[in-house]
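Novice: got a sequence here, can you model it:
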Amino acid sequence: MSATTQDVVQDHEHHDHGPEKGLKRWVFTTNHKDIGTLYLLFALLMLFVGGAMSLVIRAELFQPGLQFVNPDFFNQMTTLHALVMVFGMIMPAFAGFANWMIPLMIGAPDMALPRMNNWSFWLLPFAVTLLAMTLFLPGGAPASGWTMYPPLVLQTGDAFPFLVFSVHLLGISSIMAAINIIVTILNMRAPGMSLLKMPLFVWSWLITAYLLIAVMPVLAGGVTMLLTDQFFGTSFFQAAGGGDPVLFQHIFWFFGHPEVYIIVLPAFGIISQVVPTFSRKPLFGHDSMVYATASIAFLSFIVWAHHMFTVGMPLAGQLFFMMATMLIAVPTGVKIFNWISTMWKGSITFETPMLFALAFIVQFTFGGFTGLMVAIAPADFQYHDTYFVVAHFHYTLVTGALFGGLAGVFYWLPKMTGHMYNERTGKIYFWLSTIFINLTFFPQHFLGLAGMPRRIPDYATQFTDFNAMSSIGAFGFGFTQLMLVYIVIKTIKGGEKATDEVWEEAQGLEWTVSSPPPYHSFEEAPEIK
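Specialist: Numbering: from 1, shown residues only. From the prediction side, this is the model:
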């Protein structure tokens, strides 16, 4: 073992959980497991903050007419709900899994840049606080949706710079985490752990990290241009000064489309760990999964304007973005085929992680099909800005990415806590979540096809029934998440001890070591049959 590695291990053991107990340990920690835990707990908190905002929206939409909030506040909730869920909940949750599992999966003693790791986490609470403060400033939070389109977002008033600085901090946090992950994976693998021997979860994060570094600065540039338009007399997006508001849409979606893959690729990675374990079979087509993930990442850069079919782009542009978008279905289909092939003739058991993984595959595929529908440019003129689009992306991001994350929670919770969760409670939680989330978003397809526009607090009476169903589902799903908190706390506190090999059936399918690894782990990786 090299001297540097030895120093890292000794340093790690020295600082791990020595005299620094209590608050100090968590504030100053450079331990990848502690930081992973902080990320995951922060994500859990933000699930309830962002969820509460969505419940304000659904309470208002339960019946036609204006019941609880004024239209401005309604749209402020749509903006903050999206930003909190994307940057405060789902991305930190997957970053938490990355911190916990990547060093273990590649045989590294810790992340490559432990202090930067600590910093990238601690930026998050401050960034989200800045975002929340916009609610209490004159003019209120932006009522523009998470897309922050001008000129609407510029009417925000004093809260606007807070929004911009918050987005900058969230972006810096993401970029630092991404750099850390790339450096760790490329430089700290155990000898013998070649790139194509790495587990799929590690691969999905390596690719995601490159996406983050590529697109976060684009968003930062876009919001900075908004800032200079507002305060420094530029007119990037102001038609009166020769600018174009559609330019902002191009900049935003050049970030925004890869962003949805930044959210969902780590979920793909988790599913690729869970499905082989509970099928008692190695993953079918490991290498093709890697290439498919890389293809999805590449294609995500050339489809951004499918969000903009209605801006009046030339026919050639519509055709290109339509074809490119449909092409993304190919590598995604490869992944789904490989997961199903992994299960084929396997000895499948249906523990909670496997249930979430199966629900992910079915529901994400459904979200993909509605995605193909909105990819068709002439049809999108009808779907655009209706509840059909809301239903589509929530099927990919909630029944997709969030369910992938929950599969990870139940799969790795025993490894993280040393205790088994209660399987029966886990299954009840799964079924309630699945039923309520489908009750929430499935009716929205019909609302959208019938012509109900999104981001509107009032609606015509013919939309009442589906909206009522959707709102009941949302509140049911929201309160079901209290079970998740109960399960997590109960598992941390105790319960049945987890064995050395939590899901021992997976032995031999994937090589993992303890952290920090024993010295001999650095000699060579065992052969993977």
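
Novice: how far does stretch 359-374 sit from its chain's centre?
Specialist: 16 Å (C-alpha atoms, centre = their mean, to the nearest Å).

Novice: tell me the mean pLDDT for that stretch?
Specialist: Stretch 359-374 carries an average pLDDT of 97.

Novice: only alpha carbons, please: show that stretch as PDB.
Specialist: C-alpha atoms of stretch 359-374 as PDB (Å, rounded to 0.1, in the frame of the first residue of the first chain):
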ATOM      1  CA  ALA A 359     -42.400  -0.100  -9.100                       C
ATOM      2  CA  PHE A 360     -39.700   2.100 -10.400                       C
ATOM      3  CA  ILE A 361     -39.300   0.000 -13.600                       C
ATOM      4  CA  VAL A 362     -43.000  -0.100 -14.400                       C
ATOM      5  CA  GLN A 363     -43.800   3.600 -13.500                       C
ATOM      6  CA  PHE A 364     -40.600   5.100 -15.000                       C
ATOM      7  CA  THR A 365     -41.400   3.200 -18.200                       C
ATOM      8  CA  PHE A 366     -44.900   4.700 -18.200                       C
ATOM      9  CA  GLY A 367     -43.400   8.200 -17.700                       C
ATOM     10  CA  GLY A 368     -41.100   7.400 -20.600                       C
ATOM     11  CA  PHE A 369     -44.000   6.600 -22.900                       C
ATOM     12  CA  THR A 370     -45.800   9.900 -22.100                       C
ATOM     13  CA  GLY A 371     -42.400  11.500 -22.700                       C
ATOM     14  CA  LEU A 372     -42.500  10.000 -26.200                       C
ATOM     15  CA  MET A 373     -46.000  11.500 -26.600                       C
ATOM     16  CA  VAL A 374     -44.800  15.000 -25.700                       C
END
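
Novice: quick one: Gly50 and Val84 touch, right?
Specialist: Yes - look at Gly50 against Val84 with C-beta atoms under 8 Å: they come within range, at 3.8 Å. All C-beta atoms are positioned from the backbone trio N, CA, C, and that covers glycine.

Novice: how about Ser433: what's its closest non-neighbour residue?
Specialist: Thr480 (5.3 Å; C-beta to C-beta, 6 or more residues apart in numbering).

Novice: what about that neighbour, which helix or strand?
Specialist: helix 464-493 (DSSP states H and E).

Novice: in that helix, what counts as buried?
Specialist: Buried residues in helix 464-493, defined by neighbour count with 16 or more other C-beta atoms under 10 Å: 466-467, 469-478, 480-481, 483-484, 487-488, 491.

Novice: what of stretch 156-164?
Specialist: Counting neighbours by 16+ other C-beta under 10 Å, stretch 156-164 gives 156, 159-164 as buried.

Novice: stretch 456-463 too?
Specialist: In terms of neighbour count (16+ other C-beta under 10 Å), stretch 456-463 has its buried residues at 457, 459, 463.

Novice: quick one, what contacts the last one?
Specialist: When you say that, I think you mean Phe463. 64, 447, 450, 452 (C-beta atoms under 8 Å, 6 or more residues apart in numbering).

Novice: what number of residues lie near the third one?
Specialist: So the one you mean is Ala450. Ala450 has 14 neighbouring residues, counting by other C-beta atoms under 10 Å.

Novice: pLDDT weak spots in the chain?
Specialist: Scanning the chain for pLDDT under 70 picks out 1-20, 500-529.

Novice: which one's the longest helix in it?
Specialist: The longest helix of the chain (DSSP state H) is helix 245-279.

Novice: between the next helix or strand after it and helix 245-279, how big is the angle?
Specialist: Following helix 245-279 in sequence order, the next helix or strand is helix 286-299 (DSSP H and E). Helix 286-299 runs at 170 degrees relative to helix 245-279, counting by axes from the mean of the first three to the mean of the last three C-alpha atoms, to 10 degrees.

Novice: tell me which residues in helix 286-299 are buried?
Specialist: By neighbour count on 16+ other C-beta under 10 Å, the buried set for helix 286-299 is 286, 289-290, 292-293, 295-297, 299.

Novice: show me which residues of the helix or strand hosting Leu83 are buried.
Specialist: Leu83 belongs to helix 71-83 when assigned by DSSP H and E. For helix 71-83, the neighbour count (16+ other C-beta under 10 Å) marks 73-83 as buried.

Novice: check stretch 239-251 too.
Specialist: For stretch 239-251, using 16+ other C-beta under 10 Å, the buried residues are 243, 245-246, 248-251.

Novice: how long is it from one end to the other?
Specialist: Start to finish, the residues bounding stretch 239-251 are 16 Å apart (C-alpha to C-alpha, to the nearest Å).

Novice: centre of the chain to it, how far?
Specialist: 29 Å.

Novice: what of stretch 383-397?
Specialist: Worked out by C-alpha atoms, centre = their mean, stretch 383-397 lies 17 Å from the chain centre.

Novice: and what of stretch 473-487?
Specialist: Counting by C-alpha atoms, centre = their mean, stretch 473-487 comes out at 19 Å from the chain centroid.

Novice: can I get it as CSV, trimmed to CA atoms?
Specialist: Below are the C-alpha coordinates for stretch 473-487, written out as CSV (Å, rounded to 0.1, in the frame of the first residue of the first chain):
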residue,chain,number,x,y,z
GLY,A,473,-53.8,11.2,-3.4
ALA,A,474,-51.3,14.0,-2.7
PHE,A,475,-52.4,14.3,1.0
GLY,A,476,-52.4,10.5,1.3
PHE,A,477,-48.9,10.3,-0.1
GLY,A,478,-47.7,13.2,2.1
PHE,A,479,-48.9,11.7,5.3
THR,A,480,-47.6,8.2,4.3
GLN,A,481,-44.1,9.7,4.4
LEU,A,482,-44.4,10.0,8.2
MET,A,483,-44.1,6.2,8.1
LEU,A,484,-40.7,6.6,6.4
VAL,A,485,-39.5,8.9,9.3
TYR,A,486,-40.8,6.3,11.8
ILE,A,487,-39.0,3.4,10.0
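
Novice: ramachandran angles for Gly65?
Specialist: Here is the backbone geometry of Gly65 (degrees, to the nearest 10): phi 90, psi 170.

Novice: spit out the contact partners of the nearest residue to it once chain neighbours are set aside.
Specialist: In space, and not counting its chain neighbours, Gly65 is closest to Asp458: 6.2 Å by C-beta to C-beta, 6+ apart. With contact taken as C-beta under 8 Å, 6+ apart, Asp458 is in contact with 64-66, 71.
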